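>>> just the structure for this:
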Amino acid sequence: MTIHSFQVKILSGELVSLERYRGFVLLIVNVASRCGFSSQYAGLQQLYETYGSQKFSVLGFPCNQFGYQEPGSSAEIREYCDTQWKVTFPVFEKIEVRGSEAHPLYRFLTKSIPGALKIPGIKWNFTKFLIDPSGVPLKRYAPQWDPLKIAADIQALLRNQGSA
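Just a heads-up that it's a prediction; the model follows:
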């Protein structure tokens, strides 16, 4: 199984298959506008602008499970991303990323790459998953990890993809 098996809704409500990202290096992130880590949107956007033309994308998944830090509607989330951070990478509808109601994509991600001490659950907003071009989760980064520090890992995957 790969992430290409899953369907998600973009902020407009349209259901899309992650199959459209086959061949892309992806960074999947659970985001929240009222989180202390929300300044990471800037780094995520910078990665997207730097590598987006090379079959790379950031996929943002708003989540309200951690301190109710993403209470807004899809329209409010879109407005926040547009006005505060000029986000142009794909942002999807709000989902749950842990517990019995976790979206199947996040159940797959957390089972594939458990966190610290092999605990599978997501502990906070801005947990990041690096996905290879075939849709396989490769690495997980803690919420406090600066997105720009992931650039070397992204570059390595893009180089490998170019030589394959």
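>>> which residues touch residue 1?
residue 108 (C-beta atoms under 8 Å, 6 or more residues apart in numbering). C-beta here means a position set from N, CA and C on the backbone, and glycine is covered the same way.
>>> do the one 5 residues further on as well
Contacts here follow C-beta under 8 Å, 6+ apart; on that basis residue 6 touches 17, 18, 104, 105, 108.
>>> helix or strand right after the helix or strand hosting the last one?
Counting by DSSP states H and E, the element that carries residue 108 is helix 104-112. The C-terminal neighbour of helix 104-112 among helices and strands, as given by DSSP H and E, is strand 128-131.
>>> packing partners for that following strand?
Packing partners of strand 128-131 (3 or more C-beta pairs under 8 Å, 6 or more residues apart in numbering; DSSP states H and E): strand 25-31, strand 137-141, helix 151-163.
>>> at 6 Å what do you get?
strand 25-31, strand 137-141 (3 or more C-beta pairs under 6 Å, 6 or more residues apart in numbering; DSSP states H and E).
>>> buried residues in stretch 70-78?
By neighbour count with 16 or more other C-beta atoms under 10 Å, stretch 70-78 contains the buried residues 70, 72, 74, 77, 78.
>>> no wait, stretch 51-59
In stretch 51-59, counting by 16+ other C-beta under 10 Å, buried: 51, 55, 56, 57, 58, 59.
>>> got the CA positions of it in CSV?
Output of stretch 51-59 as CSV, limited to C-alpha atoms (Å, rounded to 0.1, in the frame of the first residue of the first chain):
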residue,chain,number,x,y,z
TYR,A,51,11.3,22.5,-5.3
GLY,A,52,7.7,22.6,-6.7
SER,A,53,8.9,22.7,-10.3
GLN,A,54,10.9,19.4,-9.7
LYS,A,55,7.9,17.2,-8.8
PHE,A,56,7.8,18.1,-5.2
SER,A,57,4.8,19.3,-3.1
VAL,A,58,3.8,20.1,0.4
LEU,A,59,0.3,18.8,1.4
